[in-house]
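**Q** Here you go, sequence then predicted model.
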Amino acid sequence: MPDPLLYEVNTRCWLRALSEKSATDITLANVPEAEPARWRELGFTHIWLMGVWTSGPRARAEALKPPELRSVFDQVLPGWKEGDVAGSPYAIGDYEVPPALGGEAGLERFRRKLHEHGLKLVLDFVPNHLGLDHAWVEERSELFVQSPGEAPGTFARQTGGGVRWLAHGKDPYFAPWTDTVQLDYRRAATRLAMTELLESVSRRCDGVRCDMAMLLLNEVFAKTWGAFPMSKEQTPATEFWASAIPEVKQGHEDFVFLAEAYWGLEGRLQALGFDYTYDKTLYDGLVTHDAAGVQNHLLGMAAKALAGSAHFLENHDEPRIASILSPAEHRAAALLILGLPGMRLLHDGQLAGARLKIPVQLARRGEEPKQAEIEKLYEQLLATLPATAVGQGRGELSRPREAWAGNPTARNFIIVQWQRQAPEFDLVVVNLAPNRSQCYAPLSVEHLAAHNWEMRDLLGQEYYRRSGDDLQNQGLYLDLPPHGAQLFHFGPIN
């Protein structure tokens with residue numbers, strides 16, 4: 001199966017922009033045909049509708065409180081009004097699509113439209129917590145982490161049994177999210193309820209992006225919530241994901257599970273059934289210009305772990321990449337994340353060089369001028385890749401060797417060899433350094449010495465002929481300019 005190319009769309013802002021552009025109320029029920037047609041033309045395989053679920057008035061009120069968040073609203077959307085704030089899409093009040101976005105019927109119609117264009121739908125699942133407005137806060141409060149009395153990070157709720165102090169959702173390293181309430185995965189009833197909720201979501205899409213998926217691991221949960229008492233009920237010995245994922249995949253083997261994951265726990269989550277996990281280490285290395293660190297990270301990964309990684313330069317949680325990298329750096333990094341085995345993730349606005357990170361609580365975004373150079377680089381990359389083996393065949397990292405003794409610049413290269421149909425193959429070559437770099441790239445193509453080869457840069461003008469014997473014996477010599485990014489196609493001459 002080809003490696004997925006996932007496009008994240010900020011649903012509320014996107015529909016608002018379409019409505020303003022067409023002077024018509026656009027919801028998921030009547031998205032113009034041009035939208036999925038354009039996504040398919042660009043080569044995307046999956047569309048992630050971020051922020052499609054219902055929030056609620058309590059969560060929205062929390063989003064309007066923090067002065068620092070209101071200040072960000074001022075910066076990215078001058079003149080904003082309270083009506084532009086919808087609340088966090090990760091403080092879910094109900095796993096139903098609100099009427100303003102088209103309702104459940106609109107979602108179903110949108111999914112059918114995607115399928116007609118050969119695209120699949122990915123939706124959010126937030127396993128760690130629910131929003132303050134969710135019905136379970138009142139009706140099933142026993143499912144949440146709670147304290148016998150007031151404690152930091154808790155809030156009071158009146159129930160039939162009296163006052164309960166429920167905990168806000170959090171991770172171990174940050175203050176609680178005050179628009180949420182923390183689910184208690186030490187309880188079997190909570191696990192059962194959330195599995196059923198996950199199954200309900202899965203029936204309406206083709207994959208889920210699971211928010212902060214590592215927080216549910218038994219060890220992490222115990223460390224985060226050990227200070228909060230538990231009843232005599234014993235925590236299940238198994239991991240939640242080990243049972244929940246097979247439940248959903250039963251009869252739907254091609255359903256995709258993507259985990260937002262950090263802290264070196266990605267391998268654990270892949271072992272528990274996730275198809276893909278965020279590769280934040282790669283992202284951090286790229287934005288901090290750590291070429292050697294990126295190479296060490298990627299070459300240190302097992303092939304299966306690499307193929308199970310989701311590579312990205314931005315998403316709704318990270319700054320816009322065009323505000324961090326120069327166009328030359330951006331081009332090299334973009335080819336890299338698109339040229340690796342695994343899931344490739346691009347973000348709404350990234351292809352036009354957007355620089356403003358929009359808080360997820362906003363339902364409207366302002367106009368930003370497009371950057372022609374960034375648009376051009378993505379147009380070229382996305383138009384070129386489908387005709388190659390990149391993401392379509394077998395991808396394998398090559399370990400660069402020194403071009404000559406004492407030349408350390410081989411550590412600046414990332415090289416990926418792709419082959420779908422022998423004998424032809426493709427080579428992704430990226431120099432992440434701000435200086436010219438040289439190396440030899442070993443090639444692992446069968447019968448390499450049996451042919452002489454022509455190699456053509458599909459992203460530029462370079463064309464060479466190389467001896468198969470030389471390539472077999474010493475590798476391919478490469479000499480790239482600062483932030484050089486090339487995609488070579490190799491074909492046999494004889």
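**A** Sure thing, it's come through. Residues are numbered from 1 along each chain as shown.
**Q** Low-confidence ranges, this structure, go.
**A** Applying pLDDT under 70 to the chain flags residues 160-161, 231.
**Q** Give me the most central residue, it.
**A** Central residue of the chain (Cα atoms, centre = their mean): Leu345, 5.1 Å from the mean position.
**Q** That residue: which element?
**A** strand 343-347 (DSSP states H and E).
**Q** Direction included, what does that strand pair up with?
**A** For strand 343-347, the pairing partners within the sheet under DSSP bridges are strand 5-10 (parallel), strand 309-312 (parallel).
**Q** how far is that strand from where the chain is centred?
**A** Taking Cα atoms, centre = their mean, to the nearest Å, one finds the center of strand 343-347 at 6 Å from the center of the full chain.
**Q** cool, and stretch 261-277?
**A** Using Cα atoms, centre = their mean, the distance from the centre of stretch 261-277 to the centre of the chain it belongs to is 13 Å.
**Q** do stretch 273-291 as well
**A** For stretch 273-291, the distance between its averaged C-alpha position and the chain's averaged C-alpha position is 10 Å (Cα atoms, centre = their mean).
**Q** ok, and what's touching the strand holding Leu345?
**A** 3-8, 44, 258, 275-276, 309-316, 337-338, 378, 391 (Cβ atoms under 8 Å, 6 or more residues apart in numbering). In short, each C-beta sits where N, CA and C put it, glycine included.
**Q** Look up how far Trp39 lies from Ala383.
**A** Ala383 sits 14 Å away from Trp39, going by Cβ to Cβ, to the nearest Å.
**Q** So for those two, which residue has more residues nearby?
**A** Trp39 (20 against 12; other Cβ atoms under 10 Å).
**Q** okay but Ser22 is in contact with Val31, surely?
**A** No. Between Ser22 and Val31 no contact is recorded; they are 10.6 Å apart, counting by Cβ atoms under 8 Å.
**Q** which of the two has more neighbours?
**A** Neighbours per residue (other Cβ under 10 Å) separate Ser22 from Val31, with Val31 holding more: 19 against 11.
**Q** Surely Glu68 is in a strand?
**A** No. Secondary structure assignment (DSSP: H, G, I helix; E, B strand; the rest coil) places Glu68 in helix, not in a strand.
**Q** Tell me, how many residues neighbour it?
**A** Around Glu68 there are 6 other residues, counting by other Cβ under 10 Å.
**Q** cool, Pro176 as well?
**A** As a burial measure, Pro176 scores 18 neighbours (other Cβ under 10 Å).
**Q** Report the contact partners of Pro32.
**A** Neighbouring residues of Pro32 by Cβ under 8 Å, 6+ apart: 18, 22, 26.
**Q** Would you list the phi and psi of it?
**A** Pro32 has phi and psi values of phi -60, psi 140 when expressed as degrees, to the nearest 10.
**Q** quick revisit: what's near enough to touch the residue lying closest to the residue nearest to the centre of the chain once chain neighbours are set aside?
**A** Taking Cβ to Cβ, 6 or more residues apart in numbering, and ignoring the residues beside it in sequence, Leu345 has Phe312 as its nearest neighbour in space, at 4.0 Å. Applying Cβ under 8 Å, 6+ apart, we find Phe312 in contact with 278-279, 283, 318, 337, 344-347.
**Q** go on, Ala91?
**A** By Cβ under 8 Å, 6+ apart, the neighbours of Ala91 are 55-56, 59, 62, 129-133, 177, 179-180.
**Q** in the stretch 1-150 of the chain, which spans are helices?
**A** Counting by DSSP state H, counting those that start in this stretch, the segments of the stretch 1-150 of the chain that form helices are 11-22, 34-41, 57-63, 67-76, 103-116, 136-139.
**Q** can I get those in JSON lines with distance to Phe155?
**A** What follows is the helices of the stretch 1-150 of the chain, written out as JSON lines (distance: least, Cβ to Cβ, whole Å):
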{"stretch": "helix 11-22", "distance to Phe155": "26"}
{"stretch": "helix 34-41", "distance to Phe155": "40"}
{"stretch": "helix 57-63", "distance to Phe155": "10"}
{"stretch": "helix 67-76", "distance to Phe155": "19"}
{"stretch": "helix 103-116", "distance to Phe155": "30"}
{"stretch": "helix 136-139", "distance to Phe155": "10"}
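**Q** What's the separation between Asp199 and Arg112?
**A** No, residue 199 isn't Asp; it's Glu. 21 Å.
**Q** With Gly56 instead?
**A** 28 Å.
**Q** For those two, indicate the residue with more neighbours.
**A** For Gly56 against Arg112, the residue with the higher neighbour count under other Cβ under 10 Å is Gly56, and the figures read 19 against 10.
**Q** what's the neighbour count on the residue nearest to Leu336 when sequence neighbours are not counted?
**A** Across the structure, with Cβ to Cβ, 6+ apart as the measure, the residue nearest Leu336 apart from its sequence neighbours is Val430 (4.8 Å). Counted with other Cβ under 10 Å, residues neighbouring Val430 total 28.
**Q** Am I right that Val430 falls within a strand?
**A** Yes. Note on Val430: a strand contains this position according to three-state DSSP.
**Q** residues touching it, list them.
**A** Taking Cβ under 8 Å, 6+ apart, one finds 332-333, 335-336, 339, 413-415, 484-486 in contact with Val430.
**Q** who's in contact with Leu336?
**A** With contacts taken as Cβ under 8 Å, 6+ apart, Leu336 has the following neighbours: 286, 294, 311, 414, 428, 430, 432, 485.
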